[in-house]
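Peer 1: Sequence and computational prediction follow.
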Amino acid sequence: MKQDIRNVTLKQLRVLAAVAKTGSVTAAAQRLNVSPPAVTLQMQLLQDQAGLPLVERRPEGTTTTAAGAEILRAVEQIETILADCGAALAAIAGTKRGTVSVGVISTAKYFAPRALGAFIRAHPGIELQLTIGNRAEMIEALNRYEIDIAVMGRPPDQLDVDVNVIGEHPHVIIAPPDHPLARANSVSPSQLAHETFLVREPGSGTRGLMERFFAEAGIAPRIGMQIGSNETIKQAVIAGLGIAFISGHVIDSALITKSLAILPVAGLPIIRQWCVAHLRARRLMPAVAALRAFFIEQGGSFLPDIHAGVAA
């Protein structure tokens, strides 16, 4: 059967997206405020034009086939283009409105919300939709057009993105202040071989940077616990459960209260950059361009100063 979907309608595509989202025809009908037979009819028309099965029923619900997933990727891009068009029309009309979907890796939540708050105060007509996750999740969200821009550390190699630097991002090793190595003038990486490390999950940028640092030093750190939250790692180190390789921007308040110490490890801190990234092929609407420019021009002023914490 020939595959020709040039004449599919937006209604048919949105029906497929609703079925995939809800997992059933009945739930999709409720979501779209139409009858279940209407959903079934539109699905059948779309499937006839695709020439391939688009969904399949499983015990856990209705899921898309490989062909259905391919069409869903197109639907996501179409919806994004339509939203961008609406924002562009608003800009042409002279308005200062718009919606920006911004993704922030979890480590950046210690400064990005303050920056976003300042942006909203300066641009009250712009609405922000915030997503927080690890590096791998943000890369996937960019690739699937789920977010307009991402605030992250190392930009993705696998995507064609436009990247601009926000400011420096130091990474250090932390321990309780009474840890024996906290009193040393200098610590070699080999002295950490028998320490217990608390680490982020695979896919985290901090985890990847830690693994590269120890690989270059010829050391396999002993992993004591995998934790999916920087804040929980910080509290676990304070409680004496181990030490951690972590972003310096996570710990500034703990340095000020002296509940944590930075170990003077040779080769640290590793300085990376905070960046704002977006897909190069994606047209930046005025609201998105305004937020991007704000991060480039003013984002660095919201970064914590770990040196001030140490000095305190």
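Peer 2: Looks like it came in fine. Everything numeric in this text was worked out from a predicted model, so none of it was measured.
Peer 1: what's the nearest residue to W274 if we skip its chain neighbours?
Peer 2: Counting by CB to CB, 6 or more residues apart in numbering, the nearest residue to W274 once its immediate chain neighbours are dropped is I166, at 4.0 Å. For every residue, glycine as well, the C-beta is placed using N, CA and C.
Peer 1: oh, I was asking about Q158
Peer 2: In space, Q158 is closest to I139, 7.2 Å off (CB to CB, 6+ apart).
Peer 1: where's the one you found, which helix or strand?
Peer 2: helix 135-143 (DSSP states H and E).
Peer 1: mean confidence for that helix?
Peer 2: If you average the pLDDT over helix 135-143, you get 93.
Peer 1: what do you get for stretch 300-312?
Peer 2: For stretch 300-312, the mean confidence score works out to 67.
Peer 1: my guess is L54 contacts T64, does it?
Peer 2: Yes - L54 is within contact range of T64, at 6.4 Å (criterion: CB atoms under 8 Å).
Peer 1: how far out from the middle of the chain is stretch 63-76?
Peer 2: Computed by CA atoms, centre = their mean, to the nearest Å, the chain-centroid distance of stretch 63-76 equals 23 Å.
Peer 1: Go through that stretch and flag the buried ones.
Peer 2: Buried residues in stretch 63-76, counted by 16 or more other CB atoms under 10 Å: 64, 67-68, 71-72, 75.
Peer 1: Put together a markdown table for the residues you listed, with secondary structure on each row.
Peer 2: Formatted as a markdown table, the buried residues of stretch 63-76 follow (DSSP: H, G, I helix; E, B strand; the rest coil):
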| residue | secondary structure |
| --- | --- |
| T64 | strand |
| A67 | helix |
| G68 | helix |
| I71 | helix |
| L72 | helix |
| V75 | helix |
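Peer 1: low-confidence ranges in the protein?
Peer 2: 1-3, 90-96, 307-312 (pLDDT under 70).
Peer 1: Which elements pack onto the helix or strand harbouring I233?
Peer 2: Per DSSP H and E, I233 falls inside helix 230-238. Applying 3 or more CB pairs under 8 Å, 6 or more residues apart in numbering; DSSP states H and E, we find helix 230-238 packed against strand 161-175, strand 196-199, strand 244-247.
Peer 1: the strands in the chain, which residues?
Peer 2: For the chain, the strands defined by DSSP state E occupy 55-58, 61-64, 98-105, 126-133, 149-152, 161-175, 196-199, 222-226, 244-247, 261-262, 270-279.
Peer 1: wait, which of those strands is closest to A88?
Peer 2: strand 98-105 (9.3 Å; CB to CB).
Peer 1: Stretch 279-287: how far from the chain's middle?
Peer 2: That offset, for stretch 279-287, works out to 17 Å (CA atoms, centre = their mean).
Peer 1: Can you pull the residues that touch both of L54 and T64?
Peer 2: L16 (CB atoms under 8 Å, 6 or more residues apart in numbering).
Peer 1: Would you mind confirming that L241 makes contact with L198?
Peer 2: Yes - look at L241 against L198 with CB under 8 Å: they come within range, at 6.4 Å.
Peer 1: Show me the domain layout of this protein.
Peer 2: Using automatic domain parsing, the domain parsing of the chain gives 10-74, 78-165+273-303, 168-272.
Peer 1: Just send these back as a markdown table, with distance to D4 too.
Peer 2: Listed next are the domains of the chain as a markdown table, based on distance: least, CB to CB, whole Å:
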| stretch | distance to D4 |
| --- | --- |
| domain 10-74 | 6 |
| domain 78-165+273-303 | 17 |
| domain 168-272 | 39 |
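Peer 1: which residues touch the residue lying closest to A141 once chain neighbours are set aside?
Peer 2: Nearest-residue entry for A141: I147, 4.6 Å, with adjacent residues in sequence omitted and distances by CB to CB, 6+ apart. The contact partners of I147, taken as CB under 8 Å, 6+ apart, are 101-103, 131, 138, 141.
Peer 1: so how far is A220 from I147?
Peer 2: The gap separating I147 from A220 is 35 Å, by CB to CB, to the nearest Å.
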